[in-house]
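Novice: sequence and predicted structure, then a few things I'm wondering about:
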Number of protein chains: 2
Amino acid sequence: MLVGRAGCVTGVLVRGGGVAHSGASYHRPHGAPIVPQSTSFLTPAGNIRVAGQADGPLKGLTFVAKDLFDVAGHATGAGNHDWARTHAVPTQHAWAVATLLGAGATLTGKTITDEISLGILGENAFDGTPLNPKAPDRVPGGSSSGTASAVAQGYCDTGLGTDTGGSVRVPASFCGLHGIRPTHGRLPLGGMLPQAPTSDTTGWFARDASTFARVSSVLLGEPITAALPVRLVVAVDAFGFADPAVEAALKPMVERLASLVGAVREDLLAPQGLSVWARAQRTLQPYEAWLTFKDWVERENPRFAFLVARNLALGSMIPASERSWASLMRAEARARLAYLVPPGTILCMPTTPCVAPLKGRPIPELDPVRDRITCLAAHGGLTGHPQVSLPGAEVDGAPVGLSIIGARGGDASLVAVAKAMEKAQ
Amino acid sequence: MLVGRAGCVTGVLVRGGGVAHSGASYHRPHGAPIVPQSTSFLTPAGNIRVAGQADGPLKGLTFVAKDLFDVAGHATGAGNHDWARTHAVPTQHAWAVATLLGAGATLTGKTITDEISLGILGENAFDGTPLNPKAPDRVPGGSSSGTASAVAQGYCDTGLGTDTGGSVRVPASFCGLHGIRPTHGRLPLGGMLPQAPTSDTTGWFARDASTFARVSSVLLGEPITAALPVRLVVAVDAFGFADPAVEAALKPMVERLASLVGAVREDLLAPQGLSVWARAQRTLQPYEAWLTFKDWVERENPRFAFLVARNLALGSMIPASERSWASLMRAEARARLAYLVPPGTILCMPTTPCVAPLKGRPIPELDPVRDRITCLAAHGGLTGHPQVSLPGAEVDGAPVGLSIIGARGGDASLVAVAKAMEKAQ
């Protein structure tokens, strides 16, 4: 989809030829919403092109990279205007960038991200909010906001994101894309800006399942066969936690999935509580993020949107006793998912409990939305299991994704399900 | 003094004709200190001139106003790049600006401030750090940093600042100026950006005591007579708290003061503890500041330097029980100063426990310095008594001020002492 709803797209998109950065992000008339409105998904310096190898399995495909991935010779901006000028320009491509280039795909830009990946909604006070073409009045989701926007707008075929606490899965859900958070620890993360290393992953997006499978095969390093899982667990706690309209919208997809897989049963994802798992992740991840960025923050006193700085500061204050508890809960969550989703089984659940919230809302409105989204995303960072968000459902025209979760290492099987689901439509 | 130490001044100063904003604040080579280095004290839009009345007691004088004071027709920037675009351009002058203009002084610029007055050192991540001409490698002090710098560099004769927790007194001490924090509640604060209303005051600076007295007479609305206080209290806890070198440097000034005043005794400023008073002020002031800025912050999610955002966020979290305690301690401090400094008595103490810290230091180094400075500044906001910082001492070439504190309403008497002290040199 090149262009969203009429009247909401003001940028000029030229497929394969780059997109003009809107530029008009910082000055607005008094009273206009603060979040810079932008159809652009590229960073100010992100309109770059690096040709892929002449031949390879991804020949002819284009991709963008979230501005957390190093591209040799170009500053990594990380969504914060004090990052690039305090870090050296990388001399090597990130592993994921090099892998896609080596497989024949061409890089066509670097994309907007929430500041140093700290955000789940995709509103960046420096670079603007990339357009969600499926729901132009709503956020695209983050932190891989620009990549999701670029893929959803049809600017490129695929794109790289990162997912620590939901940063690929949430924008995939909100923008109606295929998106994967691979098994934690499976892919090399060299040249990707870390946030919380025990949760960090590299993920990617595509509009259609066959492109998604081509890219997945290259990055996972294994073929996507036709073999499907044989058992499906429907996470009743997760469906019950979602908006009723989301649950209803996803029902036909669950039925299609059930008919593909065969044996179906209902169970709880998190017997201890989705909110308890979320609490554990929100204890471990922000503290780890603080450790990742502490030296830079304390040395440079960088500028952040208030919310980002506030959350970093709160992360720094999480006491050891809370972190100890959260580590134990992580062990419980890991045991639960290993039991619930052995090889050959997948679990399904709503990727997000709601469609994308409206853009430019005040902090007291967004905080509870973010907390609620985390309840359905926290298992990813906690357990490291792979997850794919599938497009195909909408509530009042805004997309919402159905997620499937597999055994650790079962990433390819999830992608095979994505192909079968698209075919079964 | 127009120009500080050789090699440290790169801007071009044209007395009365404005000063070029350095502009080069945001881009720096990798590895250079983060705090933008600047000799300019004017804000990016602050190179303005508003002529005063043709005649009046301040005829011929020039002044600058901290960018927290409204000047009709010019946006108030408040040291934060998201403030002006989210607030209407004022249509009236602030009371203090109008009063100086009405008395014949001419406004020659708006000056850099710590973001929304939240800072005591004068390092602004957006507008740069104004030059401290007396100690170019050190901060000017804040939050009235630009005004202090402009007056100290000789760009103007006087200038307006604000003092909630030390924002006139500290830069006066660090830049070697006369500076006053008047009795709380005495001057109208219309058109001045509030921070913590129970502590906020409008203050001003001058290089020499006679200019200081002329301006003070206009703003206080009473003549500065030759009558001096008759009793001096030397605050032994405050001197003991200061660096030994500061205590030694101030000793000749204390002796001169004693010889002017007559009866001298030593006593404690804060029997409960300077650190306890500081704790009370650091409980009341940041919470009040949060209440002042909460709606704007939550609606606009503005960009701040990390430290500013962190401190706002910490302010928001101060519990009611702590605030109740701090209010009781404020009552104790008020009772103490009313007893210690009745009319006719002044108290003297170091304005700051140290000279200005070096510029561009990391947060973990600055936090304890700031806390320590607050121990000698907290009584101002807590009690509302007037205080004047007198120049005249140095440690290794860097200035440090001697403060005198009077009874509430005794502001003019403190200015009279300043004149007598200068004469007695």
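Specialist: Received, thanks. Numbers count the residues shown, from 1 in each chain, chains lettered A, B, ... in the order given.
Novice: burial measure for A:Phe41, as a count.
Specialist: A:Phe41 has 36 neighbouring residues, counting by other CB atoms under 10 Å in any protein chain shown. No exception for glycine: its C-beta is placed from N, CA and C like everyone else's.
Novice: actually A:Asp137, not the one I wrote
Specialist: 13.
Novice: likewise for A:Lys294?
Specialist: Using other CB under 10 Å, A:Lys294 has 15 neighbouring residues.
Novice: for stretch A:381-400, list every residue counted as buried.
Specialist: Neighbour-count burial for stretch A:381-400 flags A:381-395, A:398-400 (criterion: 16 or more other CB atoms under 10 Å in any protein chain shown).
Novice: where does chain A have low pLDDT?
Specialist: A:1-39 (pLDDT under 70).
Novice: what about the strands in it?
Specialist: A:13-14, A:18-19, A:62-66, A:106-111, A:158-162, A:178-181, A:202-206, A:231-235, A:263-267, A:303-305, A:345-350, A:387-395, A:398-405 (DSSP state E).
Novice: so what secondary structure elements neighbour the fourth one?
Specialist: Going back to what we said before, that points to strand A:106-111. Under the contact criterion of 3 or more CB pairs under 8 Å, 6 or more residues apart in numbering or on different chains; DSSP states H and E, strand A:106-111 touches strand A:18-19, strand A:62-66, helix A:95-102, helix A:145-152.
Novice: tell me the angle that strand makes with strand A:62-66.
Specialist: When axes from the mean of the first three to the mean of the last three CA atoms, to 10 degrees is applied, the directions of strand A:106-111 and strand A:62-66 differ by 30 degrees.
Novice: starting at the chain centroid, how far to strand A:106-111?
Specialist: The gap between where strand A:106-111 is centred and where its chain is centred comes out at 17 Å by CA atoms, centre = their mean, to the nearest Å.
Novice: which bits of chain A sit near chain B?
Specialist: Selection of chain A residues close to chain B by CB under 8 Å from any CB of the partner chain yields A:27-28, A:30, A:34-35, A:82, A:85-88, A:123, A:125-126, A:297-310, A:312-314, A:362-364.
Novice: restricted to helices, list these.
Specialist: Secondary structure from DSSP state H places A:297-300, A:306-310, A:312-314, A:363-364 of those in helices.
Novice: chain B: which of these is nearest?
Specialist: Checking these against chain B with CB to the nearest CB, the nearest one is A:Ala309 at 3.2 Å.
Novice: who are the contact partners of the residue lying closest to A:Ala249 once chain neighbours are set aside?
Specialist: Using CB to CB, 6 or more residues apart in numbering or on different chains and skipping the chain neighbours, the partner closest in space to A:Ala249 is A:Ala393 (4.1 Å). Listed by CB atoms under 8 Å, 6 or more residues apart in numbering or on different chains, the contact set of A:Ala393 reads A:Val246, A:Ala249, A:Leu250, A:Pro252, A:Met253, A:Pro399, A:Val400, A:Gly401, A:Leu402.
Novice: any idea what A:Ala393 is bridged to?
Specialist: Beta-bridge partners of A:Ala393, counted by DSSP bridges, are A:Val400.
Novice: related to what we said a few turns ago, I'd like the ones in helices among the residues of chain A next to chain B as TSV, with neighbour count appended.
Specialist: Below are these laid out as TSV (neighbours: other CB atoms under 10 Å in any protein chain shown):
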residue	neighbour count
A:Val297	23
A:Glu298	17
A:Arg299	17
A:Glu300	23
A:Phe306	24
A:Leu307	25
A:Val308	25
A:Ala309	26
A:Arg310	24
A:Leu312	24
A:Ala313	22
A:Leu314	17
A:Ile363	17
A:Pro364	10
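Novice: give me the distance between A:Ile318 and chain B.
Specialist: 13 Å (CB to the nearest CB, to the nearest Å).
Novice: I meant to write A:Leu284 there.
Specialist: 20 Å.
Novice: that residue is in contact with A:Gln195, isn't it?
Specialist: No - contact criterion CB atoms under 8 Å: A:Leu284 and A:Gln195 do not qualify, at 11.7 Å.
Novice: residues in contact with stretch A:326-334?
Specialist: By CB under 8 Å, 6+ apart, stretch A:326-334 touches A:270, A:272, A:276-277, A:279-281, A:283-284, A:379, A:382-384.
Novice: can you do 7 Å?
Specialist: A:Ala270, A:Gln272, A:Val276, A:Trp277, A:Ala280, A:Thr283, A:Leu284, A:His379, A:Leu382, A:Thr383 (CB atoms under 7 Å, 6 or more residues apart in numbering or on different chains).
Novice: need the strands of chain A in CSV with distance to A:Ser40, can you?
Specialist: Formatted as CSV, the strands of chain A follow (distance: least, CB to CB, whole Å):
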stretch, distance to A:Ser40
strand A:13-14, 9
strand A:18-19, 6
strand A:62-66, 12
strand A:106-111, 9
strand A:158-162, 14
strand A:178-181, 21
strand A:202-206, 17
strand A:231-235, 37
strand A:263-267, 43
strand A:303-305, 18
strand A:345-350, 30
strand A:387-395, 23
strand A:398-405, 21
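Novice: which one of these lies nearest to A:Ser149?
Specialist: Ranking the strands of chain A by proximity to A:Ser149 (CB to CB) places strand A:106-111 first, at 7.4 Å.
Novice: identify the residues contacting the closest one?
Specialist: Outside of strand A:106-111, the residues within contact range by CB under 7 Å, 6+ apart are A:16, A:18, A:41-43, A:46-52, A:62-67, A:71, A:74, A:97, A:101, A:146-147, A:150, A:156, A:159.
Novice: cool, stretch A:81-93 as well?
Specialist: A:70-77, A:101, A:116, A:126, A:191, A:296, A:300, A:302-303, B:27-28, B:30, B:34.
Novice: then stretch A:185-198?
Specialist: Stretch A:185-198 is contacted from outside by A:68-70, A:76, A:78, A:90, A:92-96, A:116-117, A:162, A:164, A:200, A:202, A:219, A:285, A:288-289, A:292, A:384, A:411, using CB under 7 Å, 6+ apart.
Novice: count the neighbours of A:Lys202 for me.
Specialist: For residue A:202 the amino acid is Thr, not Lys. 29.
Novice: tell me the contacts of it?
Specialist: A:Ala96, A:Leu160, A:Thr162, A:Leu187, A:Leu189, A:Met192.
Novice: any idea how far B:Asp295 is from it?
Specialist: From A:Thr202 over to B:Asp295 the distance is 40 Å, taken as CB to CB, to the nearest Å.
Novice: go on, A:Asp55?
Specialist: 59 Å.
Novice: again, but for A:Asp67
Specialist: Note on A:Asp67: its distance to B:Asp295, by CB to CB, is 32 Å.
Novice: these two: which is more packed in?
Specialist: Comparing A:Asp67 with B:Asp295 by neighbour count (other CB under 10 Å), the higher total belongs to A:Asp67, at 31 against 10.
Novice: residue nearest the centroid of chain A?
Specialist: A:Val168 (1.0 Å; CA atoms, centre = their mean).
Novice: surely that one and A:Pro182 touch.
Specialist: No - in this structure A:Val168 lies outside contact range of A:Pro182 using CB atoms under 7 Å: 9.4 Å.
Novice: measure A:Glu322 to chain B for me?
Specialist: 16 Å.
Novice: report the contact partners of that residue.
Specialist: Per CB under 7 Å, 6+ apart, neighbours of A:Glu322: A:Thr283.
Novice: same question, A:Glu247
Specialist: A:Phe239.
Novice: tell me how far it lies from A:Ser327.
Specialist: According to CB to CB, A:Glu247 stands 32 Å off from A:Ser327.
Novice: report how many residues lie close to the residue nearest to A:Thr292 when sequence neighbours are not counted.
Specialist: Leaving aside its sequence neighbours, A:Thr292 sits nearest to A:Pro194 (CB to CB, 6+ apart; 5.5 Å). For A:Pro194, the neighbour count with other CB under 10 Å is 17.
Novice: now A:Pro194: phi and psi?
Specialist: Dihedral angles of A:Pro194 (phi, psi; degrees, to the nearest 10) stand at phi -80, psi 160.
Novice: could you measure from the nearest residue to A:Gly104 once chain neighbours are set aside over to chain B?
Specialist: Nearest residue to A:Gly104 in three dimensions, chain neighbours excluded: A:Gly56, at 2.9 Å (CB to CB, 6+ apart). Going from A:Gly56 to chain B by CB to the nearest CB gives 35 Å.
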